[in-house]
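1. Kindly generate the corresponding structure for this input.
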Amino acid sequence: MGLRISPSILSADFANLESEVTRIANADWLHVDVMDNHFVPNLTLGLPVVEAIGKVTETPIDVHLMIEDPDRWAPAYAEAGAGSVTFHVEAAAAPVRLARELRGRGARASMALKPATPVEPYEDLLPELDMVLLMTVEPGFGGQAFLDIMLPKIRRTRALLDKHGGDIWLQVDGGVSATTIERCAEAGADTFVAGSAVFGADDPAAMVDQLREQAAAANHRHA
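-> Here you go, the predicted model:
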């Protein structure tokens, strides 16, 4: 199983995004958190910044929309060149239609769940998706502590994905660091968002490699 590290630029220096992105050229994806101050209590960045980042990096962009009305706004991020677009199922009016629209515009379609949202009611949506994102903190702010109570949910989600087959990635986002990534990998996650753990490190690129190696070792032990 392939493992992917997707550093979140929420923890980067916004005044120097191009140089920050260059520091993690070894990352598999670049995670961009879009927040609208409605769905979550924070306002971050939007479409123009995603377009700008796309011009200065070869790393595929993994957009996480923590916004209301993703049905309306998400397709524009696929048009802007995001390789993966994640919408929150709690906010989507027509998630199947939206997932198909994202795929139709060339992006991977991904569904995110807040910590308290169970995955089981959405099992029928899985064939429409390329990734499921499980929030391991309440969405809104970077730098929060990982919620260990999410580990059983990661395991249940992995079991559902295995049951359905196909290549649906399982991403975890929130408090992922050198001290928590092995637990996430052992529970079945294969794609890891890490913000402050990467950009707060003395050598962000070395931390990306370290996290990937730790996840691979934990994944190997689990297998």
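2. OK, contacts around residue 71?
-> 87, 92, 93, 94, 97, 98 (C-beta atoms under 8 Å, 6 or more residues apart in numbering). Placement of C-beta: from N, CA and C, glycine included.
3. Distance check, the closest residue in space to residue 58 that isn't next to it in sequence against residue 49.
-> Across the structure, with C-beta to C-beta, 6 or more residues apart in numbering as the measure, the residue nearest residue 58 apart from its sequence neighbours is residue 25 (7.9 Å). With distances defined as C-beta to C-beta, to the nearest Å, the gap from residue 25 to residue 49 amounts to 19 Å.
4. picking that back up, would you say the residue nearest to residue 58 is within a strand?
-> No - according to DSSP: H, G, I helix; E, B strand; the rest coil, the state of residue 25 is coil, so it is not within a strand.
5. List the contacts of it.
-> When contacts are counted by C-beta under 8 Å, 6+ apart, residue 25 touches 57, 58, 59, 205.
6. what pLDDT does the first one get?
-> Among the per-residue scores, residue 57 holds a pLDDT of 95.
7. Ramachandran angles for it?
-> phi -140, psi 150 (degrees, to the nearest 10).
8. so how far is residue 208 from the nearest residue to it once chain neighbours are set aside?
-> The spatial neighbour of residue 57 that comes closest, neighbours along the chain excluded (C-beta to C-beta, 6+ apart), is residue 21 at 4.9 Å. Counting by C-beta to C-beta, the gap from residue 21 to residue 208 is 12 Å.
9. Give me the contacts around the top helix by length along the chain.
-> Across the chain, the longest stretch assigned as helix under DSSP state H is helix 204-222. Identification of contacts with helix 204-222 by C-beta under 8 Å, 6+ apart yields 1, 3, 5, 7, 23-28, 176-178, 181-186, 188-190, 192, 194, 197-198, 201.
10. In strands, which of those residues fall?
-> Within the contacts of helix 204-222, residues falling in strands by DSSP state E are 5, 7, 192, 194.
11. where do the strands sit along the protein?
-> Going by DSSP E, the chain shows strands at 4-7, 30-35, 61-66, 84-88, 108-113, 131-135, 169-173, 191-194.
12. Which neighbouring elements make contact with the first one?
-> Looking back up the chat, that one is strand 4-7. Here strand 4-7 is seen to pack against strand 30-35, strand 191-194, helix 196-199, helix 204-222 when contacts are counted using 3 or more C-beta pairs under 8 Å, 6 or more residues apart in numbering; DSSP states H and E.
13. and with 6 Å instead?
-> Strand 4-7 makes packing contacts with strand 191-194, helix 204-222 when contacts are defined by 3 or more C-beta pairs under 6 Å, 6 or more residues apart in numbering; DSSP states H and E.
14. Please work out which of those is packed deepest.
-> Relative to the other members of the helices and strands packed on strand 4-7, strand 191-194 carries the highest mean neighbour count by mean count of other C-beta atoms under 10 Å, namely a mean of 28.
15. Thanks a lot, catch you later.
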